[in-house]
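Visitor: Generate a structure from the sequence data that follows.
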Amino acid sequence: MLNIPKEKISKILVIKLRAIGDVLLSTVVLKNLRHNFPHVKIDFLTEPPSKEIIEGNPYVDELIIFEREKNSLKKFYELRKRKYDLVIDLFCNPRSALLTFITGAKYRVGYAFRGRSYAYNVKLKPRKEVHHNVEFNLDALRALGLEIIDKEIYMPIDENAENFAKKFWNENKLNEKVVVALNPSGTWETKRWRLEKFARLGDEIAKNFKAKILILWGNQNELEDAQKISSMMEIKPIIPPRTNLKQMASILKRCSFMISNDSAPMHIATAVGTPTLGIYGPTNPYAQGPYGEKHLWVRREDLDCIACNLTKCPIGNICMKELSVETVYSAFLKLVEKNKESTGFPF
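Guide: All right, here's what the predicted structure looks like:
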């Protein structure tokens, strides 16, 4: 462990290029950095899709957007001109390693995966045991001898997003109602539970809890999936209008519960404090699950291939295809029981 001389640090850069959920999980380092370096400039570099995750974060002085298709020597030179003292690469792919190296910072922190060791002079070694991505990110600070005072991820929500969600809530008469959000999206096909099962689950919850069901979506394909789920449900759900990430966060903050595939909206729900049930198959919930004491996850524990991390399944994606509605509903009941005192609803 290196005890970094704090008095020699005046500018810090944190790099986490993508994806949206992973960038959100990396925000755990920011409050801790500010605690250890209360008077230094802290910047954050990410790609455009994650802009809203960092924009408005009180612990970040400047957000730098890196656009891959506009890579140029000029941009690299501009990054070097900023003269950072400490760069922490939490992405550690070949591109982020190069960016870290180019800064010329005195302290360059990163996981020295194959072919990237040259970029870092504070080389991190991943733990042998499986651990959550939040802890993976915090380990970078521990390696510098920094004090960890907080383990919360942070999603900033602005006034416009709050007004959007409040208007949506009022228009749909959702105040004082049990509202359960369902999120059928996922970046990999193998991470997605079947639409017809989401429909059956939604009906079961709507009937038994007199709940209003929201079906979340982001892009056009996800809107079509939401509409398919709606068409299969006996008790019609509510499909919100198009939202940006902050508006989605503000809507989720008002929900009683969230049930979601492993995805960015799932992590956003946990960040705003909504009790969340994650549905898992190829990814590992011990590393990428909903983070925090309020939340639970469910998966097929009987499969040897569970958490295979494959984007294409050679045996028919049975971890998701054969995960029953009854199993997920039973896990939801446990989530309700776990949070019945904090939710304020008489379940």
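
Visitor: F113 and K212: what is the separation?
Guide: Per Cβ to Cβ, to the nearest Å, F113 is found 45 Å from K212. Heads up, the C-betas are built off the backbone N, CA and C, glycines and all.

Visitor: Looking at the two now, which is surrounded by more residues?
Guide: K212 (20 against 13; other Cβ atoms under 10 Å).

Visitor: just checking, that one touches I238?
Guide: Yes - K212 lies in contact with I238 (Cβ atoms under 8 Å); the separation is 6.3 Å.

Visitor: Which neighbours do those two have in common?
Guide: N172 (Cβ atoms under 8 Å, 6 or more residues apart in numbering).

Visitor: Longest helix in this protein, please.
Guide: helix 325-343 (DSSP state H).

Visitor: Can you give me the domain assignment for the chain?
Guide: 6-142, 159-343 (automatic domain parsing).

Visitor: those helices in the stretch 151-300 of the chain, which residues are they?
Guide: Using DSSP state H, counting those that start in this stretch, the helices found in the stretch 151-300 of the chain span residues 159-171, 195-209, 220-232, 245-254, 264-271, 285-288.

Visitor: could those go into TSV alongside mean neighbour count, mean pLDDT and distance to L335?
Guide: As requested, the helices of the stretch 151-300 of the chain are arranged in TSV below (neighbours: other Cβ atoms under 10 Å; pLDDT from 0 to 100; distance: least, Cβ to Cβ, whole Å):
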stretch	mean neighbour count	mean pLDDT	distance to L335
helix 159-171	15	98	22
helix 195-209	19	97	11
helix 220-232	16	97	20
helix 245-254	24	98	15
helix 264-271	28	98	12
helix 285-288	18	94	14
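
Visitor: For L30, find the nearest of these.
Guide: For L30, the closest of these is helix 264-271, at 12.6 Å, according to Cβ to Cβ.

Visitor: now the angle between helix 245-254 and the closest one, please.
Guide: Here helix 264-271 points in a direction 50 degrees away from that of helix 245-254 (axes from the mean of the first three to the mean of the last three Cα atoms, to 10 degrees).

Visitor: And helix 264-271, how far out from the chain middle?
Guide: 5 Å (Cα atoms, centre = their mean, to the nearest Å).

Visitor: Dump that helix to PDB, restricted to CA.
Guide: What follows is helix 264-271 as a C-alpha-only set of coordinates in PDB (Å, rounded to 0.1, in the frame of the first residue of the first chain):
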ATOM      1  CA  ALA A 264     -28.300   0.400 -15.800                       C
ATOM      2  CA  PRO A 265     -31.900   1.100 -14.600                       C
ATOM      3  CA  MET A 266     -31.500  -1.500 -11.900                       C
ATOM      4  CA  HIS A 267     -28.400   0.300 -10.500                       C
ATOM      5  CA  ILE A 268     -30.100   3.700 -10.800                       C
ATOM      6  CA  ALA A 269     -33.000   2.300  -8.700                       C
ATOM      7  CA  THR A 270     -30.600   1.200  -6.000                       C
ATOM      8  CA  ALA A 271     -28.800   4.600  -6.100                       C
END
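
Visitor: Check which helices and strands it sits against.
Guide: In terms of contacts (3 or more Cβ pairs under 8 Å, 6 or more residues apart in numbering; DSSP states H and E), helix 264-271 is packed against helix 20-26, strand 179-183, helix 245-254, strand 257-261, strand 276-279.

Visitor: Low-confidence regions, the stretch 1-150 of the chain specifically.
Guide: 1, 70-72 (pLDDT under 70).

Visitor: Could you rerun that using 80?
Guide: 1, 68-75 (pLDDT under 80).

Visitor: Mind jotting down where the helices sit in it?
Guide: 20-26, 28-36, 51-54, 73-81, 94-103, 133-142.

Visitor: can you list the residues that contact the fourth one?
Guide: The one in question is helix 73-81. I64, F66, L99, I102, T103, G104.

Visitor: what's the angle from it to helix 94-103?
Guide: 60 degrees.

Visitor: before we move on, the earlier item: want to throw the helices and strands packed on helix 264-271 into a markdown table with distance to I54?
Guide: Listed next are the helices and strands packed on helix 264-271 as a markdown table, based on distance: least, Cβ to Cβ, whole Å:
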| stretch | distance to I54 |
| --- | --- |
| helix 20-26 | 7 |
| strand 179-183 | 22 |
| helix 245-254 | 11 |
| strand 257-261 | 22 |
| strand 276-279 | 21 |
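
Visitor: Looking at the ones you listed, which is nearest to K321?
Guide: strand 276-279 (12.2 Å).

Visitor: quick one, the longest helix of the chain and strand 257-261 angle?
Guide: 140 degrees.

Visitor: got the contact list for helix 325-343?
Guide: By Cβ under 8 Å, 6+ apart, helix 325-343 touches 193, 197, 200-201, 204-205, 209, 256-257, 259, 275-277, 279, 294-298, 300, 347.
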